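Q: Next input, structure requested:
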Amino acid sequence: MAAILGVTRVHVTDRITKRPDFPKPFINVSRRLRYWRQSDVQAWMQKGTK
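A: As a prediction, this is how the structure comes out:
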């Protein structure tokens, strides 16, 4: 997801995923391993909330 958003993995973990408007992961394997649907992330990006 970091590559899609053009940011570092640390930034994704520390900032973006904690935003209330960011999509929830569809799978939580563990606290550190989560999966999002690419379509959900792309829809969020199109809203202009990058």
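Q: Show residues contacting stretch 34-50.
A: Here stretch 34-50 makes contact (Cβ atoms under 8 Å, 6 or more residues apart in numbering) with 1, 4-5, 17, 19, 21-23, 25-29. For every residue, glycine as well, the C-beta is placed using N, CA and C.
Q: Which positions in the helix or strand containing residue 42 come out as buried?
A: Under the criterion of DSSP states H and E, residue 42 resides in helix 38-46. Neighbour counts over helix 38-46 (16 or more other Cβ atoms under 10 Å) mark 41, 44 as buried.
Q: quick one: contacts for residue 28?
A: Counting by Cβ under 8 Å, 6+ apart, residue 28 makes contact with residue 34.
Q: Any buried residues in the host helix or strand of residue 13, and which?
A: Assigned by DSSP H and E, residue 13 belongs to helix 9-14. By 16+ other Cβ under 10 Å, the buried positions in helix 9-14 come out as residue 12.
Q: Could you number the chain from 18 rather than 1 from now on?
A: OK, 18 is where the count begins now, so the last one is helix 26-31.
Q: For that helix, which outside residues touch it?
A: For helix 26-31, the external contacting residues (Cβ under 8 Å, 6+ apart) are 18-19, 22.
Q: looking only at pLDDT, what's the mean for that helix?
A: On average, the pLDDT along helix 26-31 is 88.
Q: pull the CA atoms of it into CSV?
A: Extracted in CSV, the C-alpha atoms of helix 26-31 (Å, rounded to 0.1, in the frame of the first residue of the first chain):
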residue,chain,number,x,y,z
ARG,A,26,5.6,1.9,5.2
VAL,A,27,6.3,3.7,8.5
HIS,A,28,4.1,6.7,7.3
VAL,A,29,1.3,4.3,6.4
THR,A,30,1.4,2.6,9.8
ASP,A,31,1.9,5.7,11.9
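Q: helix or strand right after it?
A: Note on helix 26-31: by DSSP H and E, the next helix or strand toward the C-terminus is strand 44-45.
Q: partners of whichever helix or strand comes after that following strand in the sheet?
A: Downstream of strand 44-45, the first helix or strand assigned by DSSP H and E is strand 51-52. Using DSSP bridges, strand 51-52 pairs in its sheet with strand 44-45 (antiparallel).
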